[in-house]
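Enquirer: Need the 3D shape of this:
(one chain, ligands or ions: 1)
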Amino acid sequence: MNVRYDTLYIGGAWIAPHTDRTITPVNASTEESLGQVPEGAEADIDTAVAAARRAFDEPAGWAHWEPGRRAEVMERLAVAMEKRADGFVERVSSQNGMPATVARQLEAGFPTAILRYYAQLARELQDCETRPALLGGSVEVRKNPVGVVAAIAPWNFPQTLTMLKIAPAMAAGCTLVIKPSPETVLDAFLLAEAAEEAEVPAGVINIVPAGREVGAYLVAHPGVDKVAFTGSTAAGRSIAEVCGRLLRPVTLELGGKSAAIVLDDADLDLAKIGQDLFGATLINNGQTCFLGTRVLAPSNRYAEVVDVFTALAQSLTIGDALSESTQIGPLATARQRERVESYIAKGRAEGGRVTTGGGRPAQLDRGWFVQPTVFADVDNSATIAQEEIFGPVLSVIPYTDIDDAVRIANDSAYGLGGTVWTSDPDRGAAVARRVQTGTIGINHYLPDPVAPFGGVKASGLGREFGPEGLAGYLQTQSIYL
Ligand code: NAD
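Expert: Okay, the predicted model is just below:
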């Protein structure tokens, strides 16, 4: 693949960037260049914010359209994206190493499902209600769009995580400046082409790929009304500080270190649960924020649980992200692999026992691959149990009874995902309710458009998905009549 773009999609047109800086995305499986695109600069952000501002502030513009009319545009965008489904799969998988089978579902299929879901919510939106006032007269209570949204996404699920901002923002009547991560820019240009074909009104979607300094400039830009961020907790903290100072609404979807709690009655037959276990603990090469990377195992079945996860890791096919048989692709960047390898070294140094993996696959001499790795004999206070690794590395931690399992699950700075594995779903749900986390699944983990998603503690603020996700793009106004 050799994809080149020389212009940026801003204000409904393809315009020349302000500088000649470029981004060269690289194939994570082969380490070869995938092409070249312009890197946005602060002046491009100025242009994009001005375009988004104009589109939002127009007296009869996007913000004032009937929500149903906005829904029609959103559905056209879904159709234009579906036409490009293969392109999204190829570009995302090549750039970040996501296995193509995963990308087909989660990066091509899911974003359009999210768009259609929010288009439907737009149609049902009650954006104006009149109430009789207690003290005389009446009150018109309006739900107005918050304004221009700065949408910043990471590289691990670039399309879905961007769409989780675009879809509710469009449904609400907001306009957006999107800053994709430099590691995953090519799919963002495909999204821009789809927006153009779908005749999304000029200025509603503007896309400026760039690094973190330009991202920080966007966050603090005086023309922005709200920030929607997905990424690391460290970046989230600094964005929250800026938004706090500016009193600017912000949604933060950050890191995680979730618990997969195996109860003593769990059926651990891999033939039955292997697929769900993989989805909840290792999907996308471990580069997924909600994964249950701390496996909590009852002491009386500890060895068996270690064996099951070891067998799961050993059963996975490692290879080029574009190959249909690949279950574990490479990590997204060389830097990411170094980070994961340094955690594996730390895990060993702190007394963890590697039962499988722990190195690079011998048969692959190119690409940023790391073997799926399982650590046994890990204490929850170990670095690999406390910090987010963001690679295919699991720690199996023993517990004595349910109270101990819940205590360990909650002994974390994070609270994003999690699972409970049991043959008694009611018992599983009772345990799940005690875990301090934004989302948790019983015997599987599957984010759904209707289910609010987000974290507690250092995993973030606010929710995406569901009507709750739309509420974050609306603000309430009372008019005393
Ligand atoms: P990152 O925080 O380094 O970067 C994410 C995005 O933010 C990139 O576009 C980057 O350019 C930009 N950015 C970084 N610092 C910024 C700043 N100060 N101001 C403005 N923009 C800034 O994260 P990453 O390494 O790209 O992604 C991995 C992280 O994302 C992991 O911690 C993962 O858990 C998290 N994540 C969270 C969710 C969720 O929904 N909670 C989903 C996926 C990934």
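
Enquirer: switch to C-alpha atoms for all contacts and neighbour counts from now on
Expert: Noted.

Enquirer: Output the contacting helices and strands for the helix or strand containing A43.
Expert: Element membership for A43 (DSSP states H and E) is helix 42-57. Judged by 3 or more CA pairs under 8 Å, 6 or more residues apart in numbering; DSSP states H and E, helix 42-57 is in contact with strand 8-10, strand 148-152, strand 175-179, strand 205-207, helix 212-219.

Enquirer: Provide a list of residues in contact with A194.
Expert: Residues in contact with A194, defined by CA atoms under 8 Å, 6 or more residues apart in numbering, are L77, A80, M81, R84.

Enquirer: Can you tell me the SS state at it?
Expert: helix (DSSP: H, G, I helix; E, B strand; the rest coil).

Enquirer: Can you give me the pLDDT of it?
Expert: Model confidence at A194, given as pLDDT, is 98.

Enquirer: Out of the contacts of A194, name the ones that lie in helices.
Expert: Applying DSSP state H to these, the entries found in helices are L77, A80, M81.

Enquirer: Relative to C174, which of these is nearest.
Expert: Closest approach between these and C174, by CA to CA: L77, at 15.8 Å.

Enquirer: Name the nearest residue to the closest one, ignoring sequence neighbours.
Expert: Among residues not flanking L77 along the chain, A198 sits closest, at 5.0 Å (CA to CA, 6 or more residues apart in numbering).

Enquirer: Show the backbone phi and psi for the most centrally placed residue in the chain.
Expert: The chain has L161 as the residue nearest its centroid, 4.2 Å off, counting by CA atoms, centre = their mean. Main-chain dihedrals, L161, degrees, to the nearest 10: phi -70, psi -30.

Enquirer: correct me, but it touches G231?
Expert: No - counting by CA atoms under 8 Å, L161 does not reach G231; the two are 9.6 Å apart.

Enquirer: any shared contact partners between those two?
Expert: A153, P154.

Enquirer: and R142, bridged to which residues?
Expert: Residues in a beta bridge with R142, per DSSP bridges, are C128, Q477.

Enquirer: my read: it touches S478, true?
Expert: Yes - contact criterion CA under 8 Å: R142 and S478 qualify, at 6.3 Å.

Enquirer: These two: which has the busier surroundings?
Expert: Neighbours per residue (other CA atoms under 10 Å) separate R142 from S478, with R142 holding more: 17 against 13.

Enquirer: Relative to T251, how far out is that one?
Expert: 22 Å (CA to CA, to the nearest Å).

Enquirer: Also D365?
Expert: Counting by CA to CA - D365 and T251 are separated by 40 Å.

Enquirer: Which one's more surrounded, those two?
Expert: T251 (24 against 11).

Enquirer: could you say which helix or strand contains the more buried one?
Expert: Per DSSP H and E, T251 falls inside strand 250-253.

Enquirer: Can I get that strand in CSV, CA atoms only?
Expert: Extracted in CSV, the C-alpha atoms of strand 250-253 (Å, rounded to 0.1, in the frame of the first residue of the first chain):
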residue,chain,number,x,y,z
VAL,A,250,-14.7,17.3,28.9
THR,A,251,-15.3,13.6,28.5
LEU,A,252,-12.3,11.4,29.3
GLU,A,253,-12.1,7.7,28.3
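
Enquirer: Tell me how far the helix holding A43 lies from the chain's centre.
Expert: 25 Å (CA atoms, centre = their mean, to the nearest Å).

Enquirer: That helix and the ligand, are they touching?
Expert: No - on the criterion CA under 6 Å from any ligand atom, helix 42-57 is out of touch with the ligand, staying 12.2 Å away.

Enquirer: let's number from 47 now, not from 1
Expert: I'll keep to 47 as the first residue from here, and by that count the last item is helix 88-103.

Enquirer: avg pLDDT for that helix?
Expert: Mean predicted lDDT for helix 88-103 stands at 98.

Enquirer: Report the buried residues of that helix.
Expert: 88, 90-103 (16 or more other CA atoms under 10 Å).

Enquirer: Return the distance of the residue in the stretch 47-196 of the chain that the ligand sits nearest to relative to C220.
Expert: Using CA to the nearest ligand atom, the point where the stretch 47-196 of the chain gets nearest to the ligand is A196, with a distance of 9.4 Å. According to CA to CA, A196 and C220 sit 10 Å apart.

Enquirer: more neighbours, these two?
Expert: The residue with more neighbours, out of A196 and C220, is C220; 30 against 27, by other CA under 10 Å.

Enquirer: What pLDDT does the model give that one?
Expert: As predicted, C220 sits at a pLDDT of 98.

Enquirer: What sits closest to it if chain neighbours are left out?
Expert: C220's closest residue in space is G193 (CA to CA, 6+ apart), at 5.0 Å.

Enquirer: Could you give the number of residues near that neighbour?
Expert: By other CA under 10 Å, neighbour count at G193 equals 25.

Enquirer: pretty sure it is touching F102, no?
Expert: Yes - because the distance of 6.4 Å satisfies CA under 8 Å, G193 is recorded as touching F102.

Enquirer: Show me the common contact partners of those two, please.
Expert: Common neighbours of G193 and F102 (CA under 8 Å, 6+ apart) are G219, C220, T221.

Enquirer: isn't the second one right next to P191, touching?
Expert: Which is C220. Yes - counting by CA under 8 Å, C220 touches P191, with 5.5 Å between them.

Enquirer: overlap in contacts of those two?
Expert: A109, Y519.

Enquirer: domains for this protein, by residue range?
Expert: Using automatic domain parsing, the domain parsing of the chain gives 49-300+504-526, 305-494.

Enquirer: Report the rounded mean pLDDT for the shortest one.
Expert: pLDDT averaged over domain 305-494 equals 98, rounded to a whole number.
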